[in-house]
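Trainee: okay, here's the prediction I keep looking at, along with the sequence it came from:
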Amino acid sequence: MLEMLDIDLYTPEVLRNPHPTLAKLRVEAPLYYVPHIEMSSKPWLLTRYDDSIVLLNDERFTKDMTHIPGKEKSRSGDMMMQAAASINRHMLTVDPPDHTRLRALIHKAFTPRIIRELEGRIQEITDGLIDEMLAKGQVDFLTSFAVPLPITVIAELLGIPQEDQEKFRYWSQTIVLGGLENSKPDEVAAAAIDFIMYFHEMFDQRRAEPREDLITALVQAEEAGEKLDQQELISMVFLLLVAGHETTVNLIANGMLALLQHPEQMAKLRDQPDLIKNAVEEILRFDGPIGSSTMRWALEPIEMYGQMIQPGEMVLASLLGANRDPEVFQNPNQFDITRPPSKHIAFGNGIHYCVGAPLARMEGAIALNMLLNRAPNLALAAEVDELQWNPTLLLHGMKAMPVTV
């Protein structure tokens, strides 16, 4: 039986380097039942590229919790469930036609032109953070650089005052990691409620006094006569804050770690900075910021690899596993920044493809090139096997990354 394999995806060793284990699953159990709660359920995990593409586009699965067969409605007194539900009505948690409408609305407020205009500001923020690191000599790369860069960018884009930005890092981490780990439900609920109250007030302010920011654009956004309702507004801002910085934090940190572990590739990129876009794509493929897809639930019985997925059961695609599938990528375990453009799925696939991918790519490219140029002596201040990683299949990132500069 596939579920009888003696595999633990949550040991520190596997979280640090899941690729050998995912390779074993691709061969021996391409559909694996994970005996561990992830995102509120024990999920099935697909590890092959072709299977992952199918899942991400298969209408036999739903992303909408209200459509899960046999799902009982949460109790009104369950604060964590109620608070979580109130900020989870966004593009990643609905099916068409709601998804189509929400994505059309966000595209009006999150255009390629807006992204391009951020380039100079991203460079300015990056320069300042590097100055601060160089002055200190030894820092945690995450808290000193990889975290503040994207959260400052997305917060400024939304129109959040600088003095409030630290709140959002706390709210985001508490809600996302607390929810994924099913820990500290009272803290998760309290963070969600604080988040909701803060933005209800900000929405009212922007309606009364519009500004040149994304919050105003979202409040005013219309498509075919429809606007975002209050819950959708809250959920959309939460999605943008989380997707706008949590994933980019891991892209920058995982990318720097990969370059530090492959000095010949780092030297090549330093000598040929025009390779940066290609390098970012290889980082995304090789050790991307997202470990698995977000939740999908079967709407009907589905048979795969001799197993029966029952209605209401969760199925995830391992994006890390898919992106090193040897059936699709030549020498998949080799980190090569000159690899021809690949069809990796680090940002997903299909209609739920990450809307913030262009911004994440730009931030990653600017950050890594400027670091190689301005901090040429940057080095790990700990052994690789001492680094601790987040205990979740979803977010593939470190808890801390001590470096000297």
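Mentor: Ah, there it is.

Trainee: which residues in the stretch 251-400 of the chain form helices?
Mentor: With DSSP state H, counting those that start in this stretch, the ranges of helices along the stretch 251-400 of the chain come out as 263-271, 276-287, 319-322, 357-374.

Trainee: low-confidence ranges in the protein?
Mentor: In the predicted model, the chain carries pLDDT under 70 at residues 1-4, 71-94, 108-110, 178-183, 222-226, 243-244.

Trainee: ok, now which ones touch the residue most central in space within it?
Mentor: The centroid of the chain falls nearest to residue 247 when counting by Cα atoms, centre = their mean (3.6 Å). Residues near residue 247 by Cβ atoms under 8 Å, 6 or more residues apart in numbering: 289, 290, 354, 356, 360, 395. Placement of C-beta: from N, CA and C, glycine included.

Trainee: again with residue 123
Mentor: Going by Cβ under 8 Å, 6+ apart, the list of residues near residue 123 reads 366, 370.

Trainee: part of a helix, is it?
Mentor: Yes - assessed by DSSP: H, G, I helix; E, B strand; the rest coil, residue 123 belongs to a helix.

Trainee: which residues in this protein form strands?
Mentor: Taking DSSP state E as the test, the strands found in the chain are 31-33, 44-46, 61-62, 138-140, 297-298, 302-304, 307-309, 315-317, 379-380, 402-404.

Trainee: CSV for these, including distance to residue 216?
Mentor: Compiled in CSV, the strands of the chain are given as follows (distance: least, Cβ to Cβ, whole Å):
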stretch, distance to residue 216
strand 31-33, 46
strand 44-46, 41
strand 61-62, 33
strand 138-140, 35
strand 297-298, 35
strand 302-304, 44
strand 307-309, 44
strand 315-317, 36
strand 379-380, 42
strand 402-404, 38
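
Trainee: so which of those strands comes closest to residue 17?
Mentor: strand 379-380 (15.1 Å; Cβ to Cβ).

Trainee: partner strands of the closest one, with direction?
Mentor: Partners of strand 379-380 in the sheet, by DSSP bridges, are strand 402-404 (antiparallel).

Trainee: circling back to that earlier point, would you mind finding the most buried of the helices of the stretch 251-400 of the chain?
Mentor: Most buried of the helices of the stretch 251-400 of the chain, by mean neighbour count (mean count of other Cβ atoms under 10 Å): helix 319-322, with a mean of 27.

Trainee: can you give the contact residues for that one?
Mentor: Taking Cβ under 8 Å, 6+ apart as the rule, helix 319-322 contacts 18-19, 22-23, 25-26, 45-49, 51-53, 287-288, 290-293, 328, 345-346, 348, 396.

Trainee: just give me how far it sits from the chain centre.
Mentor: With Cα atoms, centre = their mean, to the nearest Å as the basis, helix 319-322 stands 14 Å off its chain's centre.

Trainee: quick check: chain neighbours aside, which residue is closest to residue 152?
Mentor: Nearest residue to residue 152 in three dimensions, chain neighbours excluded: residue 125, at 5.3 Å (Cβ to Cβ, 6 or more residues apart in numbering).

Trainee: I'd like to know how many residues surround residue 272.
Mentor: Each residue near residue 272 was counted by other Cβ atoms under 10 Å, and the total is 13.

Trainee: actually residue 403, not the one I typed
Mentor: Neighbour count for residue 403, taken as other Cβ under 10 Å: 24.

Trainee: tell me the contacts of the residue lying closest to it once chain neighbours are set aside?
Mentor: Spatial nearest neighbour of residue 403, chain neighbours left out: residue 141 (4.6 Å); criterion: Cβ to Cβ, 6+ apart. Applying Cβ under 8 Å, 6+ apart, we find residue 141 in contact with 253, 256, 401, 402, 403.

Trainee: next one: residue 332
Mentor: Counting by Cβ under 8 Å, 6+ apart, residue 332 touches 323, 324, 325, 326.

Trainee: and the residue nearest to residue 153 when sequence neighbours are not counted, what does it touch?
Mentor: Closest residue in space to residue 153, ignoring its immediate chain neighbours: residue 122 at 5.9 Å, by Cβ to Cβ, 6+ apart. Residue 122 makes contact with 149, 153, 362, 363, 366, 367 under the criterion Cβ under 8 Å, 6+ apart.

Trainee: ok so, going back, closest to residue 32 out of the contacts of residue 141?
Mentor: Here the nearest of the contacts of residue 141 to residue 32, counting by Cβ to Cβ, is residue 253; it sits at 27.2 Å.

Trainee: distance to residue 166 added to the contacts of residue 122, as TSV?
Mentor: Formatted as TSV, those follow (distance: Cβ to Cβ, whole Å):
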residue	distance to residue 166
149	14
153	15
362	24
363	19
366	23
367	20
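
Trainee: how about these, which pair is most distant?
Mentor: 149 and 362 (11.3 Å).

Trainee: quick check: closest non-adjacent residue to residue 21.
Mentor: Using Cβ to Cβ, 6+ apart and skipping the chain neighbours, the partner closest in space to residue 21 is residue 14 (5.1 Å).

Trainee: same check, this time on residue 289
Mentor: Of all residues not flanking residue 289 in the chain, residue 250 sits nearest, at 3.3 Å (Cβ to Cβ, 6+ apart).

Trainee: measure the one you found to residue 305 for me?
Mentor: 30 Å (Cβ to Cβ, to the nearest Å).

Trainee: next: residue 329.
Mentor: From residue 329 across to residue 305, the span is 22 Å (Cβ to Cβ).

Trainee: neighbour count winner among these two?
Mentor: Using other Cβ under 10 Å as the criterion, residue 329 and residue 305 rank with residue 329 on top: 19 against 12.

Trainee: number of nearby residues for residue 111?
Mentor: Residue 111 has 12 nearby residues by other Cβ under 10 Å.
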